[in-house]
Each structure stands twice: as structure tokens, then as C-alpha cells.
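Novice: Sequence first, then the predicted structure:
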Amino acid sequence: MSGGLVALIDDVTALAKLASASLNVTGAAAGRAGAKAVAVVIDDTAVTPQYVQGFSPDRELPIIWRIAKGSLRNKLIILPVVLLLSAVLPGALTPLLMLGGVYLSFEGAEKIYEALGGRGEAPDQVPGDTVTPSGKAFENQMVSEAVRTDFILSTEIMVIALAEVAQQSLLTRALSLVAVAVMITALVYGAVGILVKLDDLGLRMARDGHLHSSRAIGRGLVWGMPHIFSILSVVGTAAMLWVGGHLVLSGLSEYGFGGMLRGLEQLAEHAGAAVNARLSGAVTWLVESLGSAVFGVVVGLLVMLVVHALRRTRRRSRSGAAQR
């Protein structure tokens, strides 16, 4: 009897250790996968606040919550698709990552173009689809637009994350991607909620604070938040170009065009070897990242020129058809 109990306890202990090891592997894999998606995460955090501009303060957090739920739903819809691809057609992962890199490069290059004074080519508008910026209809439109935009970013996050755990078992891949989906959604929209409400907090402190120091902090928050959003936008753009360029370079290397990536890595190693040993790793990473970002700018500009030309051609053809 006691022998059977001891054997049962041993079995339970073994299962517990196995489950713990599996959770540790999943946690580590999810952490690595989430880190790889940093560019999209920063950009998502920088872009989302625009969807609550013009709303009353009491509607900001409910709108962010609706967008967050839509974002998580997007990721959980995408998850089985990318898992199926990785199991049935693993060769599709590299071209998907390259397409994602091209998209990130295009977005980053277009932001630079607009920051330098260029006019972004907006997608064609459909007559009659404009909604007055007030009321529930406008809120629904903003949430819908934000969730549609997030679908592309969420696809990038899940594909990049999958590439990091592609060698793990199917169960570990699935659990890791679920963890990434929840973790990144909570991180992005939690940060957005805090950032959006900080200016309201600052305004309240500047107006109602009992101490001079609290009123000064409030005024500092009101003044500083637009600058923080601007910094986030710049960092997000840089990260998009870095990651986008690196994804395309890595994909080209897998298809036998690795000369550019090897050259960049050698340049980064030489730069690291030329400085103090303590700074070597940081300099190597910086040079490699800058090289990837420059390549991303080149790719993004080429795609941007093509996209803008296609949009202008489409508008001209529609205008000609309307005149006829």
C-alpha cells in the first residue's frame, strides 16, 4: 500500500517537474519571440493614441479597451493560420518574413518622407463614407480603423515571433504564441492608456494642485507629453527600418544572396574590434543595426515610389472615367 502511494507521489512529482520544465521552455521562448517583435510594438504604441484624439477624456480609456480587445482577437485569429503554415509549409515562413520586412521598411520610409515635408499618398476615398467626428458612429469608425490597421501589425508580430520558436515542438510554439499575443497586447495598450491619460493628470495637477511643486509637475506633464509622443514616433520609425531591413537581408541570405548581410556583419565586427573591449559589443550591434536600417530605407523608398505611382495612376483612370 505504502509502496503504491510512494510510486504515485513519484509519478506526480515527475509530472510536475515535466510541466515546470515545459513552462520554463515556453516562457523563455515567448520572451525571445516577444523581443524580436519590438519594432512593431513600439510603432503600435506610437500610432494608437491618434485614434482617441478629439474624444472627451471619459471616452479615451473605453476606446483603447475596445481596440485592445480587437487587437487580441486579431492575434488569436492569426495564430492557428501561422501555426498551420509552420507545420504544413515551413518554407513559407521566410517569404512571409521578407514581405513583413518590406512592409515595415515601406512604412518607415513613408514616415521619413512625410517628416521631410513630402505629402503622403492617402488611399482613395469612397464618396459618402465620411462620418462626422462626433457620437457613437464616429467612435465605431475609429475603433474599426484601428483594429484593421492593427491586423497588419499583429500579423507581423505573430510571424516574427513564430520564426523565433520555429524549432520548438508544436505545443511549445502554440503556447509561446499565445503568451506573446497576451503579453504584447497588454504591454502596448496598457502603455497607451497610461500615456493618453498622463496629460489629463498633468492638467488636473496644474489646475488643482495644492503645492507649487505639484502644479509645476502638472505643467511639465502637459508640456512634455507631445514631445514624448514625438520621440516614440521617431524610435518606432527607426526600429521599423532596422527590423524591416534585417528581415529582408536575412531572407535574401537564405536564398543564396548573402553577400550584403555578410559584408555588413564583417563591417560591424571590424568596427567593434577598433574600439575599447568594453564598447565592442555595443558598437558591433550599433553598426549592424544602422546598416540594416539604411538598407530598410532603400527598400522602403523603392516600394513607396511604386505604391505612390500606382495610386496616382488609379486616381487618374477613375477621374478620366468620371469625365467620360
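Specialist: Good, I have the coordinates.
Novice: where do the strands sit along the protein?
Specialist: With strands called from DSSP state E, the chain shows none.
Novice: Where do the helices of it begin and end?
Specialist: Per DSSP state H, the chain carries helices over the ranges 2-36, 38-47, 57-88, 93-115, 135-164, 170-208, 212-254, 259-273, 277-323.
Novice: Quick check: residue 113 touching residue 305?
Specialist: No: Residue 113 lies out of contact with residue 305 (C-beta atoms under 8 Å); the separation is 9.9 Å. Where C-beta positions appear, they are placed from N, C-alpha and C, glycine not excepted.
Novice: more neighbours, those two?
Specialist: Per other C-beta atoms under 10 Å, whichever of residue 113 and residue 305 has more neighbours is residue 113, with 18 against 12.
Novice: who touches the residue nearest to residue 242 when sequence neighbours are not counted in this structure?
Specialist: Of all residues not flanking residue 242 in the chain, residue 293 sits nearest, at 4.4 Å (C-beta to C-beta, 6 or more residues apart in numbering). By C-beta atoms under 8 Å, 6 or more residues apart in numbering, the contact set of residue 293 is 238, 241, 242, 245.
Novice: Please tell me how far residue 293 sits from residue 235.
Specialist: Residue 293 sits 12 Å away from residue 235, going by C-beta to C-beta, to the nearest Å.
Novice: now what about stretch 76-94, what contacts it?
Specialist: Applying C-beta under 8 Å, 6+ apart, the contact partners of stretch 76-94 are 96, 151, 154-155, 158-159, 162-163, 166, 170, 173-174, 177-178, 181, 251, 254-255.
Novice: Are any of those residues buried, and if so which?
Specialist: Neighbour-count burial (16 or more other C-beta atoms under 10 Å) applied to the contacts of stretch 76-94 gives 96, 151, 154-155, 158-159, 162-163, 173-174, 177, 181, 251.
Novice: From those, which shows the smallest pLDDT?
Specialist: In terms of pLDDT, the lowest of these is residue 163, showing 75.
Novice: State the distance from it to residue 286.
Specialist: Separation of residue 163 from residue 286 (C-beta to C-beta): 23 Å.
Novice: what do you get for residue 62?
Specialist: Distance of residue 62 to residue 286, given as C-beta to C-beta: 41 Å.
Novice: what does residue 139 give?
Specialist: 43 Å.
Novice: out of the two, which sits in the busier spot?
Specialist: Neighbours of residue 139 and residue 286, each counted by other C-beta under 10 Å, are more numerous for residue 139; the result is 19 against 14.
Novice: My read is that that one contacts residue 59, right?
Specialist: Yes: using C-beta under 8 Å, residue 139 is in contact with residue 59, at 6.8 Å.
Novice: pLDDT below threshold where in the stretch 1-150 of the chain?
Specialist: Within the stretch 1-150 of the chain, the ranges that satisfy pLDDT under 70 run 1-44, 46-47, 118-134.
Novice: and with 50 instead?
Specialist: 1-27, 29-30, 33-34, 122-132 (pLDDT under 50).
Novice: Identify the residue spatially nearest to residue 178, adjacent ones excluded.
Specialist: Excluding the flanking residues, the one nearest residue 178 by C-beta to C-beta, 6+ apart is residue 79, at 6.9 Å.
Novice: no no, residue 214
Specialist: Nearest residue to residue 214, sequence neighbours excluded (C-beta to C-beta, 6+ apart): residue 205, at 5.2 Å.
Novice: contacting residues for the one you found?
Specialist: Contacts for residue 205 (C-beta under 8 Å, 6+ apart) come out as 214, 215, 217, 218, 221.
Novice: Could you check how many residues crowd around the closest residue in space to residue 66 that isn't next to it in sequence?
Specialist: Nearest residue to residue 66, sequence neighbours excluded (C-beta to C-beta, 6+ apart): residue 143, at 4.9 Å. By other C-beta under 10 Å, 20 other residues sit near residue 143.
Novice: so of the helices of the chain, which one's packed in deepest?
Specialist: Greatest average neighbour count among those goes to helix 38-47 (a mean of 24), per mean count of other C-beta atoms under 10 Å.
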